[in-house]
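Chemist: heads up, no residue letters with this:
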């Protein structure tokens, strides 16, 4: 039986000042849930992203090919453990949805089974997998410990960017189907290939 593929949470943020290692910069990585299983508000999806979501650094997250960022909830247990080991949070404390910076906290689709060009078909919109996330110093800052970037690189728990094939709306709790693309490279393979070229 295939795993349930659905949205647990939709998360957005406005760009705001963030101090990292003494430097102040604008970032919208600190996402907050705006649609949850308890309150599944409908969020508009536009070609350049979600309503209410800023993209402060378009080179990292933004534009048509990186309009929406999805992250598998299956990786949350790993990050909860390593954050507790690093002394950032108490043991057993749940990690809030959106903390890794994702717009969509999803279940049922991991990087090894996410193929570039596959389409996630939701009831009222369609999103195509475009590329893996490349972790940066802002990710380490929100996760609360410097080794977070290295741990994402080693684990390949990177999540993936989505382009908007069909604009519409999304809500937490919605399921999605996968419409296969050419299936030439998976998100996990592309992530590892890009790391090896650095």
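Modeler: Ah, there it is. Everything numeric here is computed off the predicted structure, so don't read it as measured data.
Chemist: and the pLDDT at the residue lying farthest from the centre of the chain?
Modeler: Ranking residues of the chain by C-alpha distance from their mean position (C-alpha atoms, centre = their mean) puts residue 22 at the top, at 26.4 Å. Predicted confidence (pLDDT) at residue 22: the value is 86.
Chemist: can you check the one 3 residues further on too?
Modeler: Note for residue 25: predicted pLDDT of 84.
Chemist: rewinding a little: any idea how far the residue farthest from the centre of the chain is from residue 40?
Modeler: Computed as C-beta to C-beta, to the nearest Å, the residue 22 to residue 40 distance reads 41 Å. All C-beta spots, glycine's among them, are computed from the backbone N, C-alpha and C.
Chemist: repeat for residue 160
Modeler: Relative to residue 40, and taking C-beta to C-beta, residue 160 is found at 23 Å.
Chemist: who's more crowded, the two?
Modeler: Between residue 160 and residue 40, counted using other C-beta atoms under 10 Å, residue 160 has the larger neighbour count: 32 against 16.
Chemist: list the contacts of the nearest residue to the more buried one once chain neighbours are set aside.
Modeler: Beyond its immediate neighbours in the sequence, the residue positioned closest to residue 160 (C-beta to C-beta, 6 or more residues apart in numbering) is residue 187, lying 4.6 Å away. By C-beta atoms under 8 Å, 6 or more residues apart in numbering, the contact list for residue 187 reads 111-112, 114-116, 129, 131-132, 158, 160.
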